[in-house]
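In: Based on what follows, work out the 3D shape:
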Amino acid sequence: MLNDCTRHGRNYEALSLFIQKVRCSSSFGLDHQVLAAILKSCAALRTTVFGRALHSCVVKLGHFSCHSVSKALLNMYAKSGALIDCQKLFGQMRTSDPVVWNIVLSGLSGYREYYDRFLSLFNSMRVSNEAKPNSVTVAIALPLYARLGDIDGGKIVHTYVIKSGLEAHTLVGNALISMYAKCGLVKQDAHAAFCSIGDKDVVSWNAIIAGFAENNFMDDAFRLFREMLKWPIAPNDSTIVNILPVCATLNKNVACYLGKEIHFFLLRRTEMGTDVSVCNALLSFYLRVGCMDKAELVFQKMESRDLVSWNAIIAGYVANGYCLRALDLFQQLLSAKMFGPNSVTLVSVLSACAHLKDLQVGKAIHGYILRHSCLYADTPVANSLVSFYAKCNDTRAAYLTFLMIPWRDLVSWNSILDAFAECEYDTQFQEHLSCMFGEGFRPDFITILAIIRFCVCVSSLVKVKETHSFCLKAGMFLGDAETALINAIIDAYAKCGKMEYASRIFRSLSGRMNLVAFNTMITGCVNYGLYDDAFMIFNGMSVRDLTSWNLMVQACAGNDCPGQALSLFHELQAQGLKPDAVTIMSILPLCAQIASVYLLRQCHGYAIRSCFEDARLNGALLDVYAKCGSIWSAHKLFQSTPVKDLVMFTSMIGGYAMHGMGEEALCLFSHMLGLGLKPDHVIITAVLSSCSHAGLVDEGLKIFYSLETAHGMKPSIEQYACIVDLLARGGQINDAYSLVAGMSVEANANVWGTLLGACRTHHEVELGRVVADHLFQVEANNIGNYVVMSNLYAADARWDGVMEVRKLMRTRDLKKPAGCSWIEVEKRNSVFLAGDYFHPKRKIIYSTLSTLDQQIKEPFLFDKINMFTYGI
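Out: Alright, predicted model coming up:
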């Protein structure tokens with residue numbers, strides 16, 4: 001019965017039965033079979049206390065000379081980690097049995113501090129005549145060489161295997177495959193070892209598939225899996241766990257199809273489908289390919305979950321942007337009280353909090369970490385806290401957390417440097433970069449990207465050059481990160497205004513040009529108005545993504561080329577690309593430029609059908625509806641938006657301002673303040689503009705003068721311009737001038753231009769002269785200012801002043817551009833320029849205009865019409 005318990009793994013039951021028998025029966029015989037069996041249970045349970053007691057009993061009863069008992073004792077010490085006792089006992093045994101040597105080697109291989117002793121014992125076994133290594137010995141030794149990365153030592157063992165004729169042994173072949181794969185030699189050496197196995201088993205196939213996958217040869221791994229299916233060897237749990245990550249790297253449609261097939265296979269094999277490691281692999285697969293509903297279904301149907309399951313689903317939701325769901329699952333994990341979250345869980349959850357900028361939940365997690373010292377001592381968790389606070393713009397908390405990290409690694413330094421770069425903390429960034437070098441850390445490409453980002457933030461071309469030089473000297477352009485670094489440096493030069501440097505690096509890439517580099521160059525050209533260069537780069541691209549098209553649509557829209565922008569918009573769809581929210585936002589300014597409500601509604605309809613939930617897009621749609629004259633559509637969109645942020649309120653108030661609906665704008669602004677939203681300068685400017693357009697002088701002044709006390713803001717130059725316009729429209733020209741003269745900041749062209757326009761409206765010629773003198777100094781080349789001043793003189797019959805202004809215009813070679821207008825009729829835009837005779841329907845237009853002109857000049861006989869109408 002005792003042997004039966006041990007044989008079937010019921011080790012606790014075996015020990016309990018043994019103790020009971022010894023205590024209750026004096027006749028119970030402790031022969032070598034009983035002792036060997038019970039020592040096996042001790043080894044399985046790793047109980048050295050009971051094992052040592054049995055060792056004493058063995059010596060007293062004289063059973064130590066029994067080979068099976070001594071082997072069982074040795075195995076107990078080896079598996080329990082009592083390696084000093086194990087080696088001492090091995091020294092006493094003096095046997096040539098390879099099994100005994102293998103027991104000791106197996107025990108030593110599990111502990112890094114005993115690796116040297118392992119190698120010494122293995123080498124002495126290999127050269128001695130006592131016991132020769134067998135297939136099991138080789139299978140124990142090769143994984144250790146793989147862990148050490150000692151490929152030369154592994155090859156020496158392989159040589160011994162060939163000489164000893166062990167190469168065809170399946171166990172040895174499998175170990176060789178794994179060793180070569182873990183040392184990065186999978187293509188030739190591992191594959192050759194696989195081919196040399198005469199009788200391949202499922203472990204052989206799993207080892208070679210896993211080897212190719214681990215070395216990122218996914219196509220080869222998948223090819224071997226397909227080949228395996230042709231053999232009479234059925235995949236097991238490990239096969240499924242190995243192949244699912246490979247499938248996840250394939251094209252999404254292919255991956256989903258294969259994942260579904262594997263899922264069906266598992267449903268037919270219930271013993272595999274319920275295995276927690278297989279379920280975890282399937283769960284991770286669905287999350288990686290973005291099939292969230294299927295992942296959720298697998299997770300909910302799992303019969304048993306471990307912490308890996310929870311970590312996989314939480315991390316998957318965060319990676320796919322479903323951060324609120326990730327936090328909800330984290331709460332469920334805590335409520336279940338089955339597993340405490342580990343460092344992997346907390347890194348994922350803190351990433352979700354950072355994405356949501358949820359300081360409250362993040363701080364609660366920080367508190368949980370502080371209460372569990374083992375978690376706080378974990379460097380990746382501390383790094384995640386630094387990154388979380390940095391992304392929530394709490395740089396002080398990020399820095400204090402960084403200072404409290406007990407063992408900082410390079411990621412710690414990268415996190416705090418990135419935080420300083422984001423906030424443009426010049427001194428702190430440079431000091432800590434020096435400290436990092438002082439502590440012996442060598443920057444990786446993440447560090448360099450943070451440095452480049454800092455250089456761009458402070459617009460330091462010199463520092464960009466220094467970083468570029470460091471990368472060249474350190475050979476950082478030769479590794480895997482070459483592409484990311486070169487793209488970042490091109491971007492940095494472009495943003496610092498050195499497009500010629502950016503172009504030079506871009507051209508030097510020649511055959512290594514990538515999509516990101518092309519897009520970076522187009523962005524730089526567009527930002528600096530180099531539209532022809534942007535089109536030349538765009539036309540030279542063999543492959544374009546949606547970003548490339550979006551950039552060119554934006555370029556055309558920004559360069560007043562609406563026709564070309566629309567043509568590109570239609571062409572990108574013809575190429576099979578689906579416009580995203582950025583594309584639609586690029587097109588919306590065109591709708592405003594050409595006042596096309598029809599095109600605007602098409603864009604809005606597409607956004608609804610595509611389920612774009614973007615607050616900025618809704619704000620932009622609302623703004624363009626207002627600019628196109630459809631304030632009611634803007635109002636409906638605002639009311640239908642469930643979550644209204646500051647952008648939405650700003651757009652709606654701006655729309656009301658544009659349409660002179662001051663009362664409505666003030667009412668909405670008051671409602672927004674009641675919701676607890678804090679206004680910024682943009683929305684304050686929109687509110688003041690609405691007061692100006694509606695003539696609400698008192699209300700506008702009240703808001704302006706309460707800016708600092710109520711909202712903690714100092715008036716901006718745009719807000720001063722609004723107040724000047726407000727006072728001017730109300731006829732308070734002198735008050736407006738006094739306000740401008742007493743401004744705390746220097747007035748710009750917008751402020752002086754607003755005041756000059758008011759002088760023109762109210763015929764304030766002398767004040768207009770003073771204002772014009774200031775305006776012509778600030779903005780000398782804007783012909784509109786000269787026209788306003790000329791009209792002001794003309795309205796007061798000051799023809800000498802008119803001649804003076806016109807002479808000034810000729811001297812400065814200023815010409816008034818032709819007036820332009822357009823109208824949308826039957827979904828088509830008609831554009832008219834002053835003096836333009838090229839419209840296809842010009843005859844009908846001019847004929848109608850002539851008729852209307854004659855009718856206007858005819859006398860209007862009101863009395864006759866009334867008499868005719870009412871029969872008087």
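
In: and Ser790, what pLDDT?
Out: Per-residue pLDDT puts Ser790 at 72.

In: Would you confirm that it contacts Glu804?
Out: No. Ser790 lies out of contact with Glu804 (Cβ atoms under 8 Å); the separation is 9.0 Å. For the C-beta atoms, the positions are set from N, CA and C on the backbone; glycine is no exception.

In: the more surrounded of these two?
Out: Ser790 (21 against 14; other Cβ atoms under 10 Å).

In: quick one: which helix or strand includes the more buried one?
Out: Using DSSP states H and E, Ser790 sits in helix 783-795.

In: swap in Val831?
Out: Element membership of Val831 [criterion: DSSP H and E] is strand 828-833.

In: going on from that strand, what's the next piece of helix or strand?
Out: Going down the chain from strand 828-833, the next helix or strand is helix 842-857, by DSSP H and E.

In: can you list contacts of that next one?
Out: His839 (Cβ atoms under 8 Å, 6 or more residues apart in numbering).

In: Please tell me how far stretch 638-646 is from the chain's geometric centre.
Out: 26 Å (Cα atoms, centre = their mean, to the nearest Å).

In: got the buried residues for that stretch?
Out: Neighbour-count burial for stretch 638-646 flags Phe638, Thr641, Lys644, Leu646 (criterion: 16 or more other Cβ atoms under 10 Å).

In: Now distance to Lys843, pLDDT and secondary structure too, for those, in JSON lines please.
Out: Below are the buried residues of stretch 638-646 laid out as JSON lines (distance: Cβ to Cβ, whole Å; pLDDT from 0 to 100; DSSP: H, G, I helix; E, B strand; the rest coil):
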{"residue": "Phe638", "distance to Lys843": "44", "pLDDT": "89", "secondary structure": "helix"}
{"residue": "Thr641", "distance to Lys843": "47", "pLDDT": "83", "secondary structure": "coil"}
{"residue": "Lys644", "distance to Lys843": "51", "pLDDT": "83", "secondary structure": "coil"}
{"residue": "Leu646", "distance to Lys843": "52", "pLDDT": "87", "secondary structure": "helix"}
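
In: Between these, which sits nearest Arg112?
Out: Taking Cβ to Cβ as the measure, Arg112 sits nearest to Leu646 out of these, at 56.3 Å.

In: Now the closest residue to Tyr531 other than its chain neighbours. Its backbone dihedrals?
Out: In space, and not counting its chain neighbours, Tyr531 is closest to Asn559: 5.1 Å by Cβ to Cβ, 6 or more residues apart in numbering. Here is the backbone geometry of Asn559 (degrees, to the nearest 10): phi -100, psi 20.

In: Give me the distance between Asn559 and Leu599.
Out: When Cβ to Cβ, to the nearest Å is the yardstick, Asn559 and Leu599 sit 18 Å from each other.

In: Among those two, which residue is more densely surrounded?
Out: Shown here are Asn559 and Leu599; by other Cβ under 10 Å, Leu599 has more neighbours (22 against 15).

In: With Phe388 as the reference, measure out to Trp310.
Out: For Trp310 relative to Phe388 (Cβ to Cβ), the value is 20 Å.

In: More neighbours: these two, which one.
Out: Between Trp310 and Phe388, counted using other Cβ under 10 Å, the more crowded position is Phe388 (30 against 24).

In: Correct me if wrong: that one contacts Ala352.
Out: No. The criterion here is Cβ under 8 Å, and Phe388 misses it with Ala352 at 9.5 Å.

In: What residues does the spatially closest residue to His366 that is not a sequence neighbour make contact with?
Out: Among residues not flanking His366 along the chain, Leu385 sits closest, at 6.0 Å (Cβ to Cβ, 6+ apart). Counting by Cβ under 8 Å, 6+ apart, Leu385 makes contact with Leu350, His366, Ile369, Ala398, Thr401.

In: Next, find the distance separating Leu385 from Cys611.
Out: Leu385 is 35 Å from Cys611, by Cβ to Cβ.

In: Thr754 now?
Out: 43 Å.

In: of the two, who's got more company?
Out: Thr754 (25 against 6).

In: Quick one, grab the pLDDT at Leu568.
Out: For Leu568, pLDDT reads 88.

In: which SS class is it?
Out: The three-state label given to Leu568 by DSSP: H, G, I helix; E, B strand; the rest coil is helix.

In: I'd say Cys603 and Pro589 touch.
Out: No. With contact defined as Cβ under 8 Å, Cys603 does not reach Pro589; the gap is 11.0 Å.
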